[in-house]
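1. The following block contains a protein sequence and its predicted model.
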Amino acid sequence: MSSQTSPFRADVLAGKVALVTGGGSGIGFEITRQLGLHGAKVVITGRRQQVLEGACAALQAEGIQALGVQGDVRKLEDMQKAAQAAVSSYGSLSILINCAAGNFLATAEELSPNGFRTVMEIDALGTFTASRAAFPQLRNAGRSAIVNISATLHYGATWWQVHAGAAKAAVDSITRSLALEWGQFGVRVNGVAPGPIAGTAGMAKLAPGAEEAMEAEVARQIPVGRMGSKWDIAMACVFLAGPGAGFVTGDTLVVDGAAWLWREQQVPRSMVSKASRGVESKSRAIGLAGEAAKSKL
């Protein structure tokens, strides 16, 4: 559990009801937790009932009103059941966080069509299905928000991630399309694209048995000098779901410490600094000589 201090008021989401797909574990759980700590009542969905029960117990122990609804994001009827449960239990639904996702490493030539399809269905189809199921309630709530958890895998390309990159590119497109179509109904739609996040199942899957070594190497390639935390992503979701982002829609907020922009330095900083000082000195000398010449005319 994070001990960091939130920059937001503790009641910034008071009166809101949030549905979080994949909210029982990992990043999804921390998002759910922070929504609850900032005043929202929460409903979480997932396929494993035991995980949902454990997550709800942990949330309730912190004073958060939480409800778990078992279901698969790929099935419209399951997501409709979850959205209706939010209204039945808490009176409304005003926030949807699409966090359910699947991923694994695979070379493109060895990845089966079924493996590709599975990730596309959980990430992209699941995002659309949950959004479609929640839309009637979100529309009725007024000033509601959807936040789709994306990634930076497709900003260029990422090794061994053809399936997940394609899925997240689709998620970003869904974000823009729904923002365009549903803005008139008071529904804002945004995304959050996490970078490398420490202590997650995703890191364990992508570096089985070598998480610590992988995290150290990844941190070296992040301009801010550290891996992200689940808290970082949760804070972005609190912002986008809250009133402070009332004019923000159709955008995907990258939360990765500038990791996707990183390139290895080709020239050391000290060498660049020395060279630039020489250029500046020469430029000043030329400028001063020019001024002196003008003064003689």
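-> Nice, I can see it.
2. Gly183 is in contact with Phe247, isn't it?
-> No. In this structure, Gly183 is not within contact of Phe247 by CB atoms under 8 Å, at 10.6 Å. (C-beta placed from N, C-alpha, C; glycine too.)
3. Gly199 against Asp232, yeah?
-> No. With contact defined as CB under 8 Å, Gly199 and Asp232 do not form a contacting pair (11.9 Å).
4. what about those two, which has more around it?
-> Shown here are Gly199 and Asp232; by other CB atoms under 10 Å, Asp232 has more neighbours (22 against 14).
5. Excluding covalently adjacent residues, which one is nearest to the more buried one?
-> Once flanking residues are discounted, Asp232 sits nearest to Val255: 5.6 Å by CB to CB, 6 or more residues apart in numbering.
6. And Ala259, by the same measure?
-> The shortest distance from Ala259 to any residue other than its chain neighbours is 4.1 Å, reached at Gly195 (CB to CB, 6+ apart).
7. could you give the mean pLDDT of the helix or strand harbouring Val254?
-> Counting by DSSP states H and E, the element that carries Val254 is strand 252-255. The predicted model gives strand 252-255 an average pLDDT of 98.
8. Give the rounded mean pLDDT of stretch 47-65.
-> 98.
9. C-alpha coordinates for that stretch, PDB please?
-> Output of stretch 47-65 as PDB, limited to C-alpha atoms (Å, rounded to 0.1, in the frame of the first residue of the first chain):
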ATOM      1  CA  ARG A  47     -13.300 -13.500 -13.500                       C
ATOM      2  CA  ARG A  48     -12.000 -14.900 -10.100                       C
ATOM      3  CA  GLN A  49     -14.500 -14.600  -7.300                       C
ATOM      4  CA  GLN A  50     -11.900 -15.300  -4.600                       C
ATOM      5  CA  VAL A  51      -9.800 -12.400  -5.800                       C
ATOM      6  CA  LEU A  52     -12.900 -10.100  -5.800                       C
ATOM      7  CA  GLU A  53     -13.800 -11.100  -2.300                       C
ATOM      8  CA  GLY A  54     -10.300 -10.500  -1.000                       C
ATOM      9  CA  ALA A  55     -10.100  -7.100  -2.700                       C
ATOM     10  CA  CYS A  56     -13.400  -6.000  -1.400                       C
ATOM     11  CA  ALA A  57     -12.500  -7.000   2.100                       C
ATOM     12  CA  ALA A  58      -9.200  -5.000   1.900                       C
ATOM     13  CA  LEU A  59     -11.100  -2.000   0.600                       C
ATOM     14  CA  GLN A  60     -13.800  -2.100   3.200                       C
ATOM     15  CA  ALA A  61     -11.100  -2.400   5.900                       C
ATOM     16  CA  GLU A  62     -10.000   1.100   4.800                       C
ATOM     17  CA  GLY A  63     -13.600   2.400   5.000                       C
ATOM     18  CA  ILE A  64     -14.300   2.200   1.300                       C
ATOM     19  CA  GLN A  65     -17.800   1.100   0.200                       C
END
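10. shouldn't Arg33 be in contact with Glu62?
-> Yes. Between Arg33 and Glu62 a contact is recorded at 7.2 Å, counting by CB under 8 Å.
11. Comparing those two, which residue is more hemmed in?
-> Taking other CB under 10 Å, Arg33 and Glu62 do not tie; Arg33 has more neighbours (24 against 11).
12. Only the buried residues of stretch 175-187, if you could.
-> Within stretch 175-187, the residues that qualify as buried are 175-176, 178-179, 182, 187, counting by 16 or more other CB atoms under 10 Å.
13. who's in contact with the residue lying closest to Val192 once chain neighbours are set aside?
-> Nearest residue to Val192 in three dimensions, chain neighbours excluded: Ala236, at 4.7 Å (CB to CB, 6+ apart). Listed by CB atoms under 8 Å, 6 or more residues apart in numbering, the contact partners of Ala236 are 192, 253, 255.
14. which SS state does Ala236 fall under?
-> The three-state assignment at Ala236 reads helix, by DSSP: H, G, I helix; E, B strand; the rest coil.
15. For Ser229, see how far away it is.
-> 11 Å (CB to CB, to the nearest Å).
16. Which one of the contacts of Ala236 sits in the busiest neighbourhood?
-> Neighbour counts for these peak at Val192, which has 27 neighbours (criterion: other CB under 10 Å).
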